[in-house]
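A.B. asks: model this:
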Amino acid sequence: MILVDVNILIYASLPGFQQHQAARVWLDHQLSTTTPVGLPWVTVLAYLRLVTNPRIFAPPVAMAVAWQRVSAGLLVQPGVHGDLVPDAHLAALAIEHGLTLCSTDGDFARFPGLRWLNPLAK
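C.D. replies: Next up is the predicted model:
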């Protein structure tokens, strides 16, 4: 099983990125094979957080509504901050379950014991 990080989803779903075609082809291939693909909550929530942020992207209405529901919950609690918190959580999930984490984010290299793969690296 592999876990997919948010940057792969963003690149695969938004054509404006240079990595779009490579990410789309890679993700489509992964989803059409027998290897299970994990989309943990941390990845899905990060995707929603980014694509519904009007300072970053013009959000589709349905995603904006979903993000408002999520942001009214646990994500607004004190202490839930820091860029590496979601990365550490995702890395811990992958390590705990013996999974390979797929991401273009080099920050994952800092987590010992993590099997990490950048599927877009040449």
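
A.B. asks: you'd agree Trp26 is up against Ile8?
C.D. replies: Yes: Trp26 lies in contact with Ile8 (Cβ atoms under 8 Å); the separation is 7.4 Å. Backbone N, C-alpha and C define where each C-beta goes, glycine included.

A.B. asks: between those two, which has more neighbouring residues?
C.D. replies: Per other Cβ atoms under 10 Å, whichever of Trp26 and Ile8 has more neighbours is Ile8, with 28 against 18.

A.B. asks: ok, back up a step: mutual contacts of Trp26 and Ile8, please.
C.D. replies: Overlap of the contact sets of Trp26 and Ile8 (by Cβ atoms under 8 Å, 6 or more residues apart in numbering) consists of Pro119, Leu120.

A.B. asks: beyond the worst-scoring helix or strand of the chain on mean pLDDT, next helix or strand please.
C.D. replies: Within the chain, no helix or strand scores below helix 61-71, which has a mean of 43 by mean pLDDT, DSSP states H and E. Next helix or strand after helix 61-71 toward the C-terminus (DSSP states H and E): helix 84-96.

A.B. asks: so for that following helix, mean pLDDT?
C.D. replies: In this model, helix 84-96 has an average pLDDT of 75.

A.B. asks: which strands and helices lie in contact with the helix or strand that it is followed by?
C.D. replies: Later in the chain than helix 84-96, the nearest helix or strand by DSSP H and E is strand 100-102. Counting contacts by 3 or more Cβ pairs under 8 Å, 6 or more residues apart in numbering; DSSP states H and E, strand 100-102 packs against strand 2-4, helix 84-96, strand 115-117.

A.B. asks: of all these, which one comes closest to Tyr47?
C.D. replies: strand 2-4 (9.7 Å; Cβ to Cβ).

A.B. asks: chain center to that closest one, what's the gap?
C.D. replies: Strand 2-4 has its C-alpha centroid displaced from the chain centroid by 9 Å (Cα atoms, centre = their mean, to the nearest Å).

A.B. asks: what is it packed up against?
C.D. replies: Using 3+ Cβ pairs under 8 Å, 6+ apart: strand 2-4 touches helix 20-31, strand 37-38, helix 84-96, strand 100-102.

A.B. asks: could you point out which of those sits nearest Arg49?
C.D. replies: It is, among those and with distance given as Cβ to Cβ, helix 84-96, at 9.2 Å.
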